[in-house]
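**Student:** Coordinates for the following, if possible.
(chains A, B and C)
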Amino acid sequence: MTATLLVDGTDNGPDLTSVTMGRLLAAAPHILGDAPNDALLARGGGVLFETLTRSVKAQRRDDLVWLLIVAVTGAFPNAEHVRSARRAIWLAEPVVAHLALLQTLYSLGAHYRNLDAEIEIVTDGVVVDVDFCANHTANTGIQRVVRQTMSRWDADRDIVPVAWTPHGGAMRRLSPLERSRVVEWNKYTEPLVKPDASIPANRIVVPFGSAVILPEVPQPHLCDPLAALAEFSGNRVGLIGYDAIPIVSADNVPAEETERFVHYLTIIKHSKRVVGISAASTEDFRGFSDTLASQGLAPVVTMEVSLPVDVPDLDSMPPAPHSASPLILCVGSQEPRKNQDAVLFASEVLWREGLDFRVRFIGGGSLWFTRGFDQRVKALQKRGRSVEVWRGVKDSALLGSYAEAEFSIFPSLHEGYGLPVAESIAMGVPVVTTAYASTGEIAADGGCLLVDPRDDQSIVNAMRRLLTEAGLGDELRRQIAARPRRTWDDYARELWDGLVAPLIDTPELTTGADCG
Amino acid sequence: MPPIESGDTAAVETPKKLTVSERLKQSEAERERLQRELDILSNTAFSDWLSATQNHANEIESFYNTLSWRVTKPLRVVRKVQLKAGEVGLARTSQVVVAELGRRVGRRR
Amino acid sequence: MAKQTTHERLNLLLGAVAPDTGPQPSAAMALAHLAAVYVEPADDIVWLALSVLRAELPVREDIVALRRRFRLEDPAKVLSGLAKHPYRLGGRVIRPHVRVVSDAVVIDVHHTAQTGLATGIQRVVRKTLAEWLTKHELMLVGWSSSYDGMRELSPAERENAAYGTAPEATAPENNELLVPWRSSYVLPELAIENDRTARIAALAEFSGNRALLIGFDCVPLTSAETTGAGMGAAFARNLVAATYFERIATISEAAATEYGGWRTMLVSAGKAGPDVRSVFLPADAAAATEAQLAAAEKYLTVDGLPLVFCVGSHEPRKNHLAVLAAAELLWSDGDEFSLAFVGGNAWGSDEFQSLLETLSAKGRSVIGVSKITDELLWGGYRAARCTIFPSLNEGFGLPVAESLAVGTPVVTSGYGSMLEIAAAGGAVLVDPRSDEDIARGLRSALFEPGVNERLRAEAAQRPIRTWSDYADDLWAYFFPNE
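**Tutor:** Sure, this is the predicted structure:
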């Protein structure tokens, strides 16, 4: 339904008032305890709103304030909106509290223009925010995790996947195309021409007394409303925790990314649970949770459900390569944190020792780094070194490279997980990688040689071993085949048990936070 | 109060003596009348608020569509570049900008 | 000052890395000796070579790249290339005069030396410095305007750093690069310039100098909603530098908790992080004469009503909106008192200003004062019936400690550093996220029979901790072997 926007400002027509009244009606049972009777409804929308405000004022519950704001404005408020509204209600005389409230909600309502929206309140449900995956076709680390998980949860769990209305006003259900992007990634094709009605009718979805799951890292403009939802709405918020790279390695990321991340942390500090994708990333969020006592906040429960590593079947394991000049593969985005320059240096040391091998980097990066990196590669090539950089490669080229590779190398300085390591193992190719944190965890099940990425000699030694030590490569390949099997089915199930189930079975069903 | 004599219909209002239940009914009616006034007030305020909020929103939208906002877009892009330059240094910024432009031009050819 | 030659810089470097070899009569001979030292060199002398020969402090990438060059190329060639390398591309090449300082205690007070500000951080730095200068040999430094190197402070800057009495102080005329070697580097203030924190990080990680930090709080990380744009990124880079420090002395246990949580996060990047320990701040109790007391009362109170005094800027974290709301709850109930805010407008204080004006217009006894003299401040502390400080997140909370130090009860938050200060008595604790709980606490401190008197008695019993105590404890933590 498109909004009927009238310019003269005096007559909304029945639509706007009655639609708003419809939203208030949906919220009313949660506030009043019962559906309002016909006599009350007959007295008009303003009276209904006044009644609800009085009831919220009398009950002094933050979650009801939040719900009332959403119901009347059709938009999710920020923490500032909630506090202003709460103060207005608490401080005003009961008879005019609703007017004071309307005054504070003006800017929120005007900003999002959602006053003509219908409402769907989801109680005792599981609402999953997949806004980015619904709207984008990129498929890097986070999106892969979300799509693998959601396709399975959508099949066997009762969930409500949501995205956000334009400009981030409120949650809403997904269109068919968006749904495909999230739960049918492997099976659907992105249409060349987007269907017209790609966004469903203007209806917002409002979780209340539910679990709200954030499996992505929300975009910057969604952090404020999500933080307010976590703090005030009474819903129990749970997240997948990927990493804290923008803090711990802030010198290796653009300032914008760090800004975005600290903003994201404002959601986490009011959330109930974070499930990390590795033991190391779980520790990241436990560390953050440990700081919260200093500001009088309860800790956030953290636990680990690590991502699965595919393991090739013994039968389908690729045969060991027989290249005269062994190929060393270095896959991944090119940036200082991934430490590709250390690979260049170690390679040069070994070439000078007389060893014969080729190095292939596959992946792209930001011009800030790749410009200098490409220059360094060119300088080596000029001296006759067998090093090349492939960018924008098709899957077939990547697979072919894995088939040809003696081993791959990934001495990253800081990872939340380390997908290139898992990928190499899945291809049956041994990998040299960082000994500590998440890559060390992946390596524990076999198939890897570990290094200290800040110690050039450590990398040189590991590469030399795999190039010269007879039988080592075969041994690592044997280890890979013997790794325990864990699938995305396992991950999706364990994630549900660890992240969602505790948020729906929680005994301390919310009565709203302390009010003031 | 003395009872009203019939015929005593002067301008001065003399209250009629009411029974308790009649007085109660009168208060009820008065209360309902006042409540209806409050209701009208609430409904009007509510409706006015919806109207003002939605129409103010229209004003914001039409501003974004005005010439002046579109004209300032190049200026805002320049500001973004300035911020980037501040972060990584001017020399590097211009190198990268040149390289990036080169790439884009190359692609178009 | 005569321009420093390449020969001189090579000898300077040689003198630091091979002190037994004397200065050499020619650059070539100095190079030859150095080449012998720089065979697969350790990180600290790589850092030193870059600092001395290029006349600027290096960042991490410079050191890692040079370390690798030493392995692949002839050290002599690498060093002579460095020595000749101009340190600024294009334009006039002005190299500062390099000075290596060994076995010193270097204190980085760049910002404090140049500011007239007297907020919490500057007060801690100045009080500490003033104490330390009476007892220890210190080298006070600031940074060049482009933040590529450190230099000793001018006399005026030195005075301003320690006493705040020369806010117009400027850098010295000479163009100098001060390179600490086998020394201790103390950062007692907050550094947020990216070029500066990158070089501090490299110094801490590679140079072999001991690096020591005063940790105030991690608010830009833990309460990002209360800080302005840009602060998060700048502070995170400050933390990256702190990663390689040896010790962080936090100003409270609550701040230690925040830094401790951050340190846990370092494990995922394979870093151990510094030792973190709380060295609790003290509080002044400046005296006030009868006249000053009377002046404060006259200026700050209305109609002889009891005074509630609230010190601090109006940024959202200080929660002054809640103070106004709580006060209004009491006023509308018929309670009578004056409320005086002392502190400037800050980022995000529009809503506060607006509510202040509304309540003022309503006839409430409330004023906001942005500039105040020390006398008026301390007079206000003493004239008040109680002070109020329900901040949402603090590293310490000087106004709480100061109020209690002069014997005036305080209404403050019941957690974090404020709880730590309040533990010794004299405070009413509240939940700062609840306007009503703040109102409850305020009413109790003002009007509940016996409460104000009991709190004053408690405050009078509090142990005294002076800035001298603090400075000594801090030195002992930073320099345990002395």
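**Student:** residues contacting the closest residue to C:Trp475 other than its chain neighbours?
**Tutor:** Once flanking residues are discounted, C:Trp475 sits nearest to C:Trp132: 6.7 Å by Cβ to Cβ, 6 or more residues apart in numbering or on different chains. From N, CA and C alone the C-beta is placed, and that goes for glycine too. By Cβ atoms under 8 Å, 6 or more residues apart in numbering or on different chains, C:Trp132 lies in contact with C:Ile107, C:Leu138, C:Ala471, C:Trp475.
**Student:** so C:Trp132 is in which element?
**Tutor:** According to DSSP states H and E, C:Trp132 maps onto helix C:120-135.
**Student:** okay, the angle between the very next helix or strand once past that helix and helix C:120-135?
**Tutor:** Downstream of helix C:120-135, the next assigned helix or strand under DSSP H and E is strand C:139-143. If you take axes from the mean of the first three to the mean of the last three Cα atoms, to 10 degrees, strand C:139-143 sits at 150 degrees to helix C:120-135.
**Student:** Show me the helices in the stretch 251-400 of chain C, by range?
**Tutor:** C:253-265, C:290-300, C:320-332, C:350-361, C:374-383, C:398-405 (DSSP state H, counting those that start in this stretch).
**Student:** Save the contacts of C:Trp132 as a markdown table, and put in distance to C:Ser207 too.
**Tutor:** Shown next, in a markdown table, are these (distance: Cβ to Cβ, whole Å):
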| residue | distance to C:Ser207 |
| --- | --- |
| C:Ile107 | 16 |
| C:Leu138 | 19 |
| C:Ala471 | 26 |
| C:Trp475 | 22 |
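**Student:** What is the nearest of the residues you listed to chain B?
**Tutor:** Nearest to chain B out of these is C:Ile107 (Cβ to the nearest Cβ; 28.7 Å).
**Student:** Just the pLDDT at the closest one, thanks.
**Tutor:** Note on C:Ile107: pLDDT of 98.
**Student:** From chain A, how far out is it?
**Tutor:** 24 Å (Cβ to the nearest Cβ, to the nearest Å).
**Student:** Sticking with that residue, tell me its helix or strand.
**Tutor:** Going by DSSP H and E, C:Ile107 is in strand C:105-108.
**Student:** which strands and helices sit next to the longest helix anywhere in chain B?
**Tutor:** Scanning chain B for the helix with the most residues, using DSSP state H, yields helix B:20-64. Packing contacts for helix B:20-64, counted by 3 or more Cβ pairs under 8 Å, 6 or more residues apart in numbering or on different chains; DSSP states H and E, involve helix A:13-32, helix A:45-59, helix A:97-112.
**Student:** hang on, the earlier thing: distance of the residue nearest to C:Trp475 relative to chain B?
**Tutor:** C:Trp132 is 36 Å from chain B, by Cβ to the nearest Cβ.
**Student:** and the strand holding C:Ile107, how far from the chain's centre?
**Tutor:** 14 Å (Cα atoms, centre = their mean, to the nearest Å).
**Student:** Domain map for the chain?
**Tutor:** Reading this off chain A. Annotated domains of chain A cover A:13-118, A:122-308+A:493-504, A:327-484 [automatic domain parsing].
**Student:** I was thinking of chain B, sorry if that wasn't clear
**Tutor:** B:16-71, B:72-109.
**Student:** lowest-confidence stretch among those domains?
**Tutor:** It's domain B:72-109: among those, that one has the lowest mean pLDDT, namely a mean of 49.
**Student:** check contacts around the residue nearest in space to the middle of chain C.
**Tutor:** In chain C, the centroid-proximal residue (Cα atoms, centre = their mean) is C:Glu189; its distance is 2.8 Å. Going by Cβ under 8 Å, 6+ apart, C:Glu189 touches C:Asp108, C:Val109, C:His110, C:His111, C:Thr112, C:Ile121, C:Gln122, C:Val125, C:Ile214.
**Student:** What of A:Glu283?
**Tutor:** By Cβ under 8 Å, 6+ apart, the contact set of A:Glu283 is A:Gly276, C:Thr264, C:Met265, C:Val267, C:Ser268.
**Student:** Let me see the confidence value for it.
**Tutor:** For A:Glu283, the predicted pLDDT is 97.
**Student:** neighbours around A:Ala426, how many?
**Tutor:** Neighbours of A:Ala426 under the rule other Cβ atoms under 10 Å in any protein chain shown: 17.
**Student:** my guess is it contacts A:Pro312, does it?
**Tutor:** Yes. Judged on Cβ atoms under 8 Å, A:Ala426 makes contact with A:Pro312 at a distance of 6.4 Å.
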